[in-house]
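Asks: Here is the input, now give the coordinates:
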Amino acid sequence: MSYPRQTGDYAPLRECGIEVANKTACIHARPVRDLIHFLHSLSLQTGGLKKLKTELLPRFKAPPKLKKQYDWNESCYHNPERFEQFLKELCVNPLWEITSPENAEVESHLYRERIIESGLVRDFTYERDCQWMLGRFSSPRLHYFDDIVGALFEYQKQFVKQARADFLVTAPAKEIIEALDYGLRFRKCVLIRGLAGIGKTHTVKAWCDWRRGEARYVQLGESTNKEIFFRHIAESCGLPCSPGLSLLRMRALVEHYLKKAKLFLVIDEAQYLFSKTLKVTREPELVNWLLTDCFNRDVPFALSATLEFDRHRMAVEQQTNWASEQFSRRIPKAIVIKAPPTEEDLTAVALRRAKHVSLSVIKYLVGYAMTSKRGFDAINEALDDAQMIASEEGRERFIGNDIQRAIKVFRMPSDLLLKRVSEDQHGKKRRVPMRHYGEAADPPQDAGSGAARPENLAAHKAALISPRDRGNSVLPVAGVAQD
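Replies: Numbers count the residues shown, from 1 in each chain. Okay, the predicted model is just below:
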């Protein structure tokens, strides 16, 4: 177990996921666990803690005159410039106890007992070479900030409130959010399937954004294998995931973190959990890992996929001995969204991004999106092109004329070409492989005896001759008199 040092190079919090999980496993109060996981999730983003520091700076009070002596675990953080390091220490230091205002005394007693029994304090003090601090618990505080823990709780509430306000709930998004809330509340596994382009990825990301203290988002790719799969999970959980780390070590870290943290794992593009090859020779190991290791460790998960998920699952069942009975039994909640976005949803999305244009242009934009059958993607791409036109002309934002130009000049020609390519691919006939010169075709067989029919022997011999020499052929043909 490796903890960040007080002096010298400070280990980034993105590689301290195990320490964070070990500390939160000893915390009884759920709001406190959510706060630590929330801060840890912000630290994994570029500039996440800096943004938090910038938004909390207006609440700072003028620091009083510093005393001559402070505890070693507090004196180095009595400086606003080291506020980020203070937050990192808050997440990993087991000697810093955080309690909720409602039941602080009981939570403090339970936390100290669990920390001492787990041995985290012993390992922590040994790593920092300060065994004399064994058992000296304290509450995190700053002399230049009044009630820093209460301010962090308030910041988390405001963050979640703003994230919910920025998200537009459409009809498909409402079903997805209800399914995810069900899985998180009852700690059950959830399967979400739907058409491409209805906003599954956008909805799942937004839901995980305002559930940073309770869930982790993982997005898979087409070339997903076991190593890439566990590296994606390790990266989203703040675990070491360097290329030199072995698969067994990375998998052990992921399993330990998920067991301790008890977070809700959300996997997007879950159709890539299955093999994409035409001939499947092995069972889906990643799906089996979710159904056994995660389920047996009380780690609920949600799978978001396109309708290809069923096709890949059926191919695995038909070509291997794998059966989906256990899969169906351990996922009690499954939804499928086959309806495209409605006109009301498209209008709401268009108004959210282009509220300053006229309603006639909004209707024109929504009509184009419904005609192209590309839904939200058509609206976003048309508005992006309109913004590009406005930027080229030296304007900060687009107008209604830019949207119409973007649709007519950029979007419609592109959609027409894509439609032709799609029709060529789907309308192309299957090509029969040509027989090489000298390769004989199987002669016709009689249904009764299996022997070759005499009237077809001449045609069979003619098949052995090159098409170039067929004009000079002297082989007899049945039914034709020879000179």
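Asks: A strand includes residue 266, no?
Replies: Yes: according to DSSP: H, G, I helix; E, B strand; the rest coil, residue 266 belongs to a strand.
Asks: which residues touch it?
Replies: By Cβ atoms under 8 Å, 6 or more residues apart in numbering, residue 266 lies in contact with 180, 204, 207, 208, 215, 216, 217, 218, 301, 302, 304. To be clear about C-beta, it is placed using only N, CA and C from the backbone, and glycine gets the same treatment.
Asks: 7 Å - rerun?
Replies: Residue 266 makes contact with 204, 208, 215, 216, 217, 218, 302, according to Cβ atoms under 7 Å, 6 or more residues apart in numbering.
Asks: what mean pLDDT does the helix or strand where the last one lies have?
Replies: Looking back up the chat, that one is residue 302. Assessed by DSSP states H and E, residue 302 sits inside strand 301-306. In this model, strand 301-306 carries a mean pLDDT of 97.
Asks: go on, stretch 158-174?
Replies: Here the average pLDDT along stretch 158-174 is 94.
Asks: Considering the contacts of residue 266, which possesses the most neighbours?
Replies: Using other Cβ atoms under 10 Å as the neighbour criterion, residue 302 leads the contacts of residue 266 with 28 neighbours.
Asks: Leaving out chain neighbours, which residue sits closest to that one?
Replies: Nearest non-adjacent residue to residue 302, counting by Cβ to Cβ, 6 or more residues apart in numbering: residue 190, 4.2 Å away.
Asks: Would you mind measuring from that neighbour to residue 205?
Replies: The gap separating residue 190 from residue 205 is 16 Å, by Cβ to Cβ, to the nearest Å.
Asks: Same check on residue 56?
Replies: 25 Å.
Asks: and residue 365, helix, strand or coil?
Replies: Per three-state DSSP, residue 365 ends up helix.
Asks: check contacts around it.
Replies: Neighbours of residue 365 in contact, by Cβ under 7 Å, 6+ apart: 350, 379, 382, 403.
Asks: Mind giving me the packing neighbours of whatever helix or strand the second one lives in?
Replies: If I follow you right, that is residue 379. For residue 379, the element it lies in under DSSP H and E is helix 375-392. Counting contacts by 3 or more Cβ pairs under 7 Å, 6 or more residues apart in numbering; DSSP states H and E, helix 375-392 is packed against helix 343-353, helix 359-372, helix 400-405.
Asks: Can you tell me what sits against it?
Replies: By Cβ under 7 Å, 6+ apart, helix 375-392 touches 197-199, 340-341, 346, 349-350, 353-354, 365, 368-369, 372, 397-398, 402-403, 405-407, 410-411.
Asks: Domain map for the protein?
Replies: Split into domains by automatic domain parsing, the chain comes to 13-158, 167-337, 343-417.
Asks: Could you report the neighbour count for residue 19?
Replies: For residue 19, using other Cβ under 10 Å, the count is 24.
Asks: Same question for residue 357.
Replies: Neighbours of residue 357 (other Cβ under 10 Å): 22.
Asks: do the same with residue 267
Replies: 24.
Asks: And residue 52, by the same measure?
Replies: For residue 52, using other Cβ under 10 Å, the count is 21.
Asks: Over to residue 116?
Replies: Neighbours around residue 116, by other Cβ under 10 Å: 16.
Asks: How about the contacts made by it?
Replies: Contacts of residue 116 (Cβ under 7 Å, 6+ apart): none.
Asks: Sort out which residues of whatever helix or strand it lives in are buried, please.
Replies: Assigned by DSSP H and E, residue 116 belongs to helix 104-118. Neighbour-count burial for helix 104-118, counted by 16 or more other Cβ atoms under 10 Å, picks out 107, 108, 110, 111, 112, 114, 115, 116, 118.
Asks: now do stretch 222-231
Replies: Applying 16+ other Cβ under 10 Å to stretch 222-231 flags 224, 229, 230, 231 as buried.
Asks: how far away is the second one from residue 409?
Replies: Counting by Cβ to Cβ, the gap between residue 229 and residue 409 amounts to 42 Å.
Asks: likewise the first one?
Replies: Relative to residue 409, residue 224 is positioned 38 Å away (Cβ to Cβ).
Asks: any idea which helix or strand comes after the helix or strand of the chain with the lowest mean pLDDT?
Replies: In the chain, no helix or strand scores lower on mean pLDDT, DSSP states H and E than helix 72-75, which sits at a mean of 42. Counting by DSSP H and E, the next helix or strand C-terminal to helix 72-75 is helix 83-92.
Asks: buried stuff in the host helix or strand of residue 416?
Replies: Residue 416 belongs to helix 412-427 when elements are defined using DSSP H and E. Using 16+ other Cβ under 10 Å as the test for burial, helix 412-427 gives residue 415.
Asks: can you tell me the average pLDDT over it?
Replies: On average, helix 412-427 scores 77.
Asks: swap in stretch 239-254?
Replies: Here the average pLDDT along stretch 239-254 is 92.
Asks: what's next to it, contact-wise?
Replies: 15, 17, 18, 226, 227, 230, 231, 233, 234, 235, 237, 257.
Asks: Got phi/psi on the residue nearest in space to the middle of the chain?
Replies: For the chain, residue 219 is the residue whose C-alpha lies nearest the centre (Cα atoms, centre = their mean; 2.5 Å). Backbone torsions of residue 219, given as degrees, to the nearest 10, read phi -120, psi 130.
Asks: Now do the same for it: its pLDDT.
Replies: 96.
Asks: so what's it bridging to?
Replies: Beta-bridge partners for residue 219, by DSSP bridges, are residue 268.
Asks: Show me the shaky parts of the chain.
Replies: Scanning the chain for pLDDT under 70 picks out 1-14, 57, 59-81, 122-135, 424-483.
Asks: if we can go back for a sec, now what about the helix holding residue 416, what contacts it?
Replies: residue 372.
Asks: That one to helix 375-392, inter-axis angle?
Replies: 140 degrees (axes from the mean of the first three to the mean of the last three Cα atoms, to 10 degrees).
Asks: quick one: the strands in this protein?
Replies: 190-194, 215-219, 264-268, 301-306, 333-337 (DSSP state E).
Asks: possible to save those as TSV with distance to residue 248?
Replies: Formatted as TSV, these follow (distance: least, Cβ to Cβ, whole Å):
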stretch	distance to residue 248
strand 190-194	29
strand 215-219	20
strand 264-268	20
strand 301-306	21
strand 333-337	32
